[in-house]
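Visitor: need a structure here:
(one chain, ligands or ions: 2)
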Amino acid sequence: MTQIAFIGGGNMATAIIGGLLRQGDLSAQLIQVSDPGEDKRQTLANTFGIQTFADNLEAIRNADTVILAVKPQMMKGVLQPLRETLKTRQPLLVSIAAGITLSNLSQWSGCNAIVRCMPNTPALLGAGATGLIASDGVSINQRNGADRLLQATGSTVWLKDEQELDIVTALSGSGPAYYFLMMEAMIAAATRLGLSEDTARALTVQTALGAGMMASQSDVGPAELRRRVTSPGGTTERAIFTFEGAHIRDIVQAAMSAAQERAAEMNRELSE
Ligand SMILES: NC(=O)C1=CN([C@@H]2O[C@H](COP(=O)(O)OP(=O)(O)OC[C@H]3O[C@@H](n4cnc5c(N)ncnc54)[C@H](OP(=O)(O)O)[C@@H]3O)[C@@H](O)[C@H]2O)C=CC1
Ligand SMILES: O=C(O)[C@@H]1CCC=N1
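Guide: Numbers count the residues shown, from 1 in each chain. Ligands and ions are numbered 1, 2, ... in the order given. Take a look at the predicted model:
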């Protein structure tokens, strides 16, 4: 059975481990995590029943797949002391870090088989979305293995060009935060208009869930679903008119371009 080691036990590692174990077809005994934080290690061990380590080398000792889940700025320093072991053992290396290229990962780790991917936090509930790209050294079996791993946390999309990953980062990687921001704004607006915060929150969250489910299950696109809510001369039309008047599409374009540019900037900043 494949042993999986996570380097870094923060938000995303927790989300992916939660997703992996949620389905029940992977044993907790096959997952190891290393993280410097004692509290974090304790929480991970208690929540998931997995083995945790303070030492990254201990975690990767028997791993067939090593998932790099540390902040991009930490990556080079984390890989340096692991390089000799990784180079000898040649596990499949999977990086979820924004803005660290396959070329840098290969150089820093000495690994030939590397999958670079961009998941998102709904992975915790099995509702994640992940874009992936593989280095030339990844075999079909390893590619299928990486796909199965991330499929356990939601849907996967393989990309043709590594640069597309920066767009995926701006879309689905950061995307949950955009929806949460919209929810915050809707809750605040409804509260100001006179609803209690609890009521505003409950209705906002259920509306987001319902809209997401409709968009995912319907055979028509979001524009048509929106049209079906918008009665001529009605309330939605007035609200949409207000959004369009404030150039919401330009705002979304500018926000996502800024995120994409930041990912590309991180590629440059963190490269040698
Ligand atoms: N958050 C998100 O929505 C997404 C994040 N990502 C990517 O995932 C990666 C992790 O992000 P996220 O989980 O949010 O970050 P977190 O900070 O929550 O997790 C990183 C973890 O790594 C630990 N760590 C720090 N140094 C080391 C080390 N030397 N060895 C092992 N572990 C170490 C950190 O500990 P400590 O806190 O003590 O420093 C922390 O627990 C990033 O590269 C990010 O780009 C990708 C998609 C979505
Ligand atoms: O904000 C970030 O940099 C990371 C990558 C995508 C989501 N969180």
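Visitor: what number of residues are in the vicinity of the residue in the stretch 151-272 of the chain positioned nearest to ligand 1?
Guide: Closest residue of the stretch 151-272 of the chain to ligand 1, CB to the nearest ligand atom: Gly173 (4.5 Å). For glycine as for every other residue, the C-beta is placed from the backbone atoms N, C-alpha and C. Neighbouring residues of Gly173 were enumerated by other CB atoms under 10 Å; the total is 25.
Visitor: which residue, other than its chain neighbours, is closest to it?
Guide: Met118 (4.5 Å; CB to CB, 6 or more residues apart in numbering).
Visitor: can you report phi and psi for the one you found?
Guide: Met118 adopts backbone torsions of phi -130, psi 100, taken as degrees, to the nearest 10.
Visitor: touching, it and Val168? I think so.
Guide: Yes: between Met118 and Val168 there is a contact at 4.8 Å, judged by CB atoms under 8 Å.
Visitor: quick one, which of these two is more surrounded?
Guide: Counting neighbours by other CB under 10 Å for Met118 and for Val168 shows that Met118 has the greater number, 28 against 25.
Visitor: do you know the pLDDT at the more buried one?
Guide: You'll see Met118 listed with a pLDDT of 96.
Visitor: likewise Met1?
Guide: At Met1, the pLDDT recorded in the model is 63.
Visitor: tell me the domain boundaries of the protein?
Guide: Residue ranges of the domains in the chain are recorded as 4-161, 175-266, according to automatic domain parsing.
Visitor: determine which stretch of those domains is the most buried.
Guide: Among the domains of the chain, domain 4-161 has the highest mean neighbour count (mean count of other CB atoms under 10 Å), at a mean of 19.
Visitor: check whether it contacts ligand 2.
Guide: Yes: Domain 4-161 comes into contact with ligand 2 when judged by CB under 6 Å from any ligand atom, the residues involved being Ala98.
Visitor: any part of that domain near ligand 1?
Guide: Yes: applying CB under 6 Å from any ligand atom, one finds domain 4-161 touching ligand 1 at 7-13, 34-37, 40, 56, 69-72, 74, 78, 96-98, 118-121.
Visitor: any idea which residue of the chain is furthest from its center?
Guide: Of all residues in the chain, Gly233 sits farthest from the chain's C-alpha centroid, using CA atoms, centre = their mean; the distance is 40.2 Å.
Visitor: residues contacting the residue of the stretch 51-200 of the chain found nearest ligand 2?
Guide: Each residue of the stretch 51-200 of the chain has a distance to ligand 2, by CB to the nearest ligand atom, and the smallest belongs to Gly173, at 3.3 Å. Counting by CB atoms under 8 Å, 6 or more residues apart in numbering, Gly173 touches Ala98, Met118, Pro119, Asn120, Gly131.
Visitor: now do the second one against Leu150, distance only.
Guide: In this view, Met118 and Leu150 are 10 Å apart by CB to CB, to the nearest Å.
Visitor: spit out the residues that contact these two alike.
Guide: Listed as contacting both Met118 and Leu150 by CB under 8 Å, 6+ apart are Thr130, Leu132.
Visitor: what ranges does the stretch 51-200 of the chain have for its helices?
Guide: With DSSP state H, counting those that start in this stretch applied, the stretch 51-200 of the chain shows helices at 56-60, 75-79, 83-89, 102-109, 140-151, 164-168, 175-193, 197-217, listed in chain order.
Visitor: between the ones you listed, which gets nearest to Gly126?
Guide: When the helices of the stretch 51-200 of the chain are compared for distance to Gly126 using CB to CB, the nearest one is helix 140-151, at 9.6 Å.
Visitor: which secondary structure elements does that closest one contact?
Guide: The contact analysis (3 or more CB pairs under 8 Å, 6 or more residues apart in numbering; DSSP states H and E) places helix 140-151 against strand 65-68, strand 92-95, strand 114-118, strand 128-134, strand 154-158.
Visitor: now Ile140: how far from Leu93?
Guide: Between Ile140 and Leu93 the distance is 17 Å, computed by CB to CB.
Visitor: list of residues touching the helix or strand of the chain with the lowest mean pLDDT?
Guide: When each helix and strand of the chain is scored by mean pLDDT, DSSP states H and E, helix 11-22 comes last, with a mean of 89. Residues from elsewhere that reach helix 11-22 (CB under 8 Å, 6+ apart): 4, 6, 26, 28, 31, 33, 35, 44, 47-48, 50, 67, 69, 96, 119, 121-126, 128, 149-150, 152-154.
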